[in-house]
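Participant: predicted model and sequence follow; I will ask about them next.
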Amino acid sequence: LLSFFSTFAQRDPAMEILIFFKEGINREINTEKDQTAFRSKIKSDRLKTELLKLDIKESDLEVANPKFKESDTTQTMSDGSILQLPNMTKLFRFKVPEGKSRKEFIDALNKLPEVLYAEANGTVVPLAIPSDLRFNEQWGLRNTLTPGADIHAEAAWDIYTGNPNNIIGIIDGGTDLNHQDLDSKIAGGDTGFGWDGHGIHVSGIAAAESNNAQGVSGVDWNARIHAQRVDNVTDDVGTFNAIVDAVNFSPNLFVLNHSWGLDNADGSPGRNSLTVRQAFAFAYKANRTSVVAMSNDQIAFPNVVAFPAGFDNVIAVGASDINDRIATFSSRGSHIDVAAPGVNILSTLNGNVYVNNSGTSMATPHVSGIASLLKGFNNAISNNDIENILKLSADDLNSPPIFNDGTALGFDLSSGAGRVNAERALNFLRPPFSLNQWTTTGGTIFSSSGNITQQFLSAGTLASGTYIAKRHEVRKAVTFPASFCQLTGAWGRGATKGWSVANPNFGEGFSDIVPGTLTNTGATLRTFVYEVFSITGAFVGWFPSKPADVIFNYSVLGVANPSSIVGNFPVCNTGNFSVNTLPAGSTVTWSSSNISGLSINPTTGVATRISNFNGEVTITATLAGGCGSMNITRKVWVGLPTALGNDGNPTTISLQPNTSIGRSPLPCVTSLWPEYTYQHYLEITSDDYSKIKGNISSITWSGLYAGSGSTHQNGRGFIFIPNPPSVNNGSGYVMAKAVNACGSNTITTRGYGQCNSF
């Protein structure tokens, strides 16, 4: 048993140097007073002399990483990949004497040829914990009272902190362009603010300047803010314009935050507005993500559906408290999607002030910030992808409810899918998970309605109005282009050429998975098309298409079945192999079909060429656990290329007159067409090409022929014969070599005497 102890009585990393030696020093095991410890041992007299010139003795060098073993330099990752670590047994620590310059020591040490590097030592700080002075008060980002009852912001920031090109549209009461935590984040929009700074508070939660040693931190550290004021509009038209203006401001404005509601004249919630709804439909069809507060009216108006939270194709957000319970004021309903921290949330206010506010208004920008992080991390994801990833990654809330509202395992009316988890959401966009966006066309009618009265608003080429229609459910069974051993979820995307059953219908693309049909290998998709007639019965057309012309867009998230072996191709001397997207919990055992030509470590997948072998070998990865048992094989070329025929002999070069030049002169006949330069070419026939193996990158030609040379073009080697050619051009040869990443190998040769021997 080794016990590791230091010769230094007291450690101060700020006064230490780490030195990585290439050579000249080793660590040795010494036993002192019944304790075993590592000690440094300088093996090179030259190094010892040079170190003494710097007043560094052998006893001054402490082994920096005593737990590291040389075998640790090769690491097998959970996905089966092989990574190399530096040999940390070569790393030593040196304490700079008091009163001496650490920088001077570092500079001098780095000049020694035995030293790989020398650098200042120091302590570590968490990379993603911001330096903002009041971050510790932002329990929604880091909950120290009830650990885990937050959005897991710190772990998310270790993955990603945002894209400065992203813009979050704050549709609210304006923001403070001069606030110290917002002033560098403003991207156009309205000036001024109302609603007692409500929009300022929302802006700070979503995207305050972060890690800047002041104030608070925003969820998306890098996103910018575009404010559109709805506090000073006179009617729903002004609200409509604010939303549309935000969408049109920039293609980089992906997320719109709506921490407001449409109240009735008496102040009660639940007012709907088709005008405002069309603005939301416009945003959705533009692939924008609309995040909306559920409202704060559960006590006074229990279970009333507030708008815009009740609109389709928005992310409706409820509020949770510091104990992961749904706030008493947070409205409930089947339209809720997720919850987020919304009680006593610290954020920005005008005049460089910071205050705590509560409400679903505060919960919503937490979700907007995460949505912006997701879009920045993977710009290809759609608004439907963002919504579904947020729901699939949420932490289910099943604590005893304050109200008897069904807060239990799974979806419930108070928290939807649960409290959002930024870390898990981002991890769904990283290996081994894969988000696949697929498209399929055509479908068949599964069921049809009778004549219905249907209103269409802003629905594509169909003029807004009321019609008689027949609605047809169109389905299509699909087999996924990839199979999954761990399926997380699947859903339709709004780019689908098919509409929903909503009435009014705003022409928003719709598709979903028929319940009960989703498997690891496929699903049945559905959408709806309309056979539309005027009120008088005149046929208007099929909208948005006939059933056969439906376009289904859908996404599938999960861990794909590993399908291939990746690594070094060809294997020149050694190679590392792994399985793509190795599922969690899987183990891999490696084998080779020709162990005399290529041996492979059964555990690590490190392969070694044996005895200068050249040829093809099949390697097999046998998987167990994770997704079950399976074998994956791949043929691997080892060494230099070869070109052996069926008889085991080298492929021969065929020689033929070049019929594309002159009048197809005969070789060495000087009396015929002397005005032409005679050429002959050599070529490897197509049949011969099929015998050349070894990851060929090119074929090179060389030769010796009296009075001429050789060249190559498109795989053919040419010999140029002087004009007029001599009857006897002497002897020569032409040689072709195949080239791969490992080098070249002679694959064909041909010798020549007189030119008429061609």
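Facilitator: Good, I have the coordinates.
Participant: residue contacts, the closest residue to Ser44 other than its chain neighbours?
Facilitator: Taking Cβ to Cβ, 6 or more residues apart in numbering as the measure, Ser44 lies nearest to Gly24, with 3.5 Å between them; neighbours along the chain are not counted. Where C-beta positions appear, they are placed from N, C-alpha and C, glycine not excepted. Gly24 makes contact with Ile42, Lys43, Ser44, Arg46, Leu47, Glu114, according to Cβ atoms under 8 Å, 6 or more residues apart in numbering.
Participant: just the residues you listed now: which is nearest Leu374?
Facilitator: Distance ranking of the contacts of Gly24 against Leu374, using Cβ to Cβ, places Glu114 first at 48.5 Å.
Participant: nearest residue to the closest one other than its sequence neighbours?
Facilitator: Gly24 (4.2 Å).
Participant: same thing with Lys90?
Facilitator: Phe21 (5.0 Å).
Participant: and Ser414, by the same measure?
Facilitator: Nearest to Ser414 is Ile326, by Cβ to Cβ, 6+ apart, at 4.2 Å.
Participant: quick one: the one you found and Ser334, what's the gap?
Facilitator: 15 Å (Cβ to Cβ, to the nearest Å).
Participant: those two: which has the busier surroundings?
Facilitator: Ile326 (31 against 12; other Cβ atoms under 10 Å).
Participant: surely the more buried one meets Gly416?
Facilitator: No - under the criterion of Cβ atoms under 8 Å, Ile326 lies out of contact with Gly416, with a separation of 10.0 Å.
Participant: list residues touching both of these two?
Facilitator: In contact with both Ile326 and Gly416: Gly318, Ala339, using Cβ under 8 Å, 6+ apart.
Participant: any idea of the mean pLDDT for the helix ranked longest in the chain?
Facilitator: Across the chain, the longest stretch assigned as helix under DSSP state H is helix 360-377. Helix 360-377 carries an average pLDDT of 97.
Participant: report the angle between the helix or strand following that helix and helix 360-377.
Facilitator: Using DSSP states H and E, the helix or strand that follows helix 360-377 towards the C-terminus is helix 383-393. With axes from the mean of the first three to the mean of the last three Cα atoms, to 10 degrees as the criterion, the two stretches helix 383-393 and helix 360-377 enclose an angle of 110 degrees.
Participant: run through the stretch 501-650 of the chain and note the low-pLDDT ranges.
Facilitator: For the stretch 501-650 of the chain, the stretches with pLDDT under 70 are 643-650.
Participant: for it, which segments count as strands?
Facilitator: 512-513, 522-533, 539-543, 551-560, 565-567, 574-579, 586-592, 598-600, 606-609, 615-625, 630-638, 642-643 (DSSP state E, counting those that start in this stretch).
Participant: which of those sits closest to Trp221?
Facilitator: Distances from Trp221 to each of the strands of the stretch 501-650 of the chain were compared using Cβ to Cβ; the minimum, 25.3 Å, belongs to strand 551-560.
Participant: tell me the helices and strands packed up against that closest one.
Facilitator: Where contact means 3 or more Cβ pairs under 8 Å, 6 or more residues apart in numbering; DSSP states H and E, strand 551-560 is packed against helix 383-393, strand 433-441, strand 465-479, strand 484-492, strand 522-533.
Participant: show me how far it is from its chain's centre.
Facilitator: Averaged C-alpha coordinates place strand 551-560 at 15 Å from its chain's average position (Cα atoms, centre = their mean, to the nearest Å).
Participant: quick check: angle from that strand to strand 465-479?
Facilitator: Here strand 551-560 runs at an angle of 40 degrees relative to strand 465-479 (the same axes, to 10 degrees).
Participant: CA atoms of strand 551-560 as PDB?
Facilitator: Once non-C-alpha atoms are left out, strand 551-560 reads as follows in PDB (Å, rounded to 0.1, in the frame of the first residue of the first chain):
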ATOM      1  CA  ILE A 551     -44.800  16.400 -46.700                       C
ATOM      2  CA  PHE A 552     -44.200  15.100 -43.200                       C
ATOM      3  CA  ASN A 553     -41.300  16.600 -41.300                       C
ATOM      4  CA  TYR A 554     -40.400  14.900 -38.100                       C
ATOM      5  CA  SER A 555     -37.600  14.600 -35.600                       C
ATOM      6  CA  VAL A 556     -36.300  11.600 -33.600                       C
ATOM      7  CA  LEU A 557     -34.100  11.900 -30.500                       C
ATOM      8  CA  GLY A 558     -32.200   9.100 -29.000                       C
ATOM      9  CA  VAL A 559     -29.100   7.000 -29.000                       C
ATOM     10  CA  ALA A 560     -28.700   5.300 -32.300                       C
END
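Participant: looking at the chain, which helix or strand does the model trust least?
Facilitator: The weakest-scoring helix or strand in the chain, judged by mean pLDDT, DSSP states H and E, is strand 82-84 (a mean of 41).
Participant: quick one: strands adjacent to the next helix or strand after that strand?
Facilitator: Following the chain from strand 82-84 toward its C-terminal end, the next helix or strand by DSSP H and E is strand 91-95. Under the criterion DSSP bridges, strand 91-95 sits next to strand 16-21 (antiparallel), strand 61-63 (antiparallel) in its sheet.
Participant: among those strands, which is nearest Arg102?
Facilitator: Between Arg102 and those, the tightest spacing by Cβ to Cβ is seen for strand 16-21, at 6.2 Å.
Participant: separation between Thr161 and Asn740?
Facilitator: Applying Cβ to Cβ to Thr161 and Asn740 gives a distance of 43 Å.
Participant: what about the two, which has more around it?
Facilitator: Set Thr161 next to Asn740 and count neighbours by other Cβ under 10 Å: Thr161 wins out with 23 against 20.
Participant: so who does that one touch?
Facilitator: Contacts for Thr161 (Cβ under 8 Å, 6+ apart) come out as Ala128, Ser210, Asn211, Asp220, Trp221, Asn222, Leu373.
Participant: can you flag which of those residues belong to helices?
Facilitator: Within those, membership in helices is found for Leu373, as judged by DSSP H.
Participant: of all the contacts of Thr161, which comes closest to Val230?
Facilitator: Sorting the contacts of Thr161 by how near they are to Val230, with Cβ to Cβ, puts Asp220 at the top with 21.9 Å.
Participant: my guess is the closest one meets Leu374, correct?
Facilitator: No - distance between Asp220 and Leu374: 9.7 Å, which falls outside the contact criterion (Cβ under 8 Å).
Participant: which one of the two has more residues nearby?
Facilitator: Neighbours were counted for Asp220 and for Leu374 using other Cβ under 10 Å; Asp220 has more, 34 against 27.
Participant: where in the stretch 101-250 of the chain is pLDDT low?
Facilitator: Checking the stretch 101-250 of the chain against pLDDT under 70 turns up 122-133, 135.
Participant: the stretch 301-450 of the chain too?
Facilitator: In the predicted model, the stretch 301-450 of the chain carries pLDDT under 70 at residues 398-409.
Participant: mind running it again at 50?
Facilitator: Counting by pLDDT under 50, the ranges of the stretch 301-450 of the chain that qualify are 400-406.
Participant: might you report the residue contacts of Ser268?
Facilitator: Residues Asp297, Phe301, Val304 are the ones in contact with Ser268 under the rule Cβ under 8 Å, 6+ apart.
Participant: next up, the contacts around the residue nearest to Gly194 when sequence neighbours are not counted.
Facilitator: With sequence-adjacent residues excluded and distances taken as Cβ to Cβ, 6+ apart, Gly194 is closest to Asp231, at 3.9 Å. Neighbouring residues of Asp231 by Cβ under 8 Å, 6+ apart: Asp172, Gly173, Gly174, Phe193, Gly194, Trp195, His198, Gly199.
Participant: fine, thanks again, bye for now.
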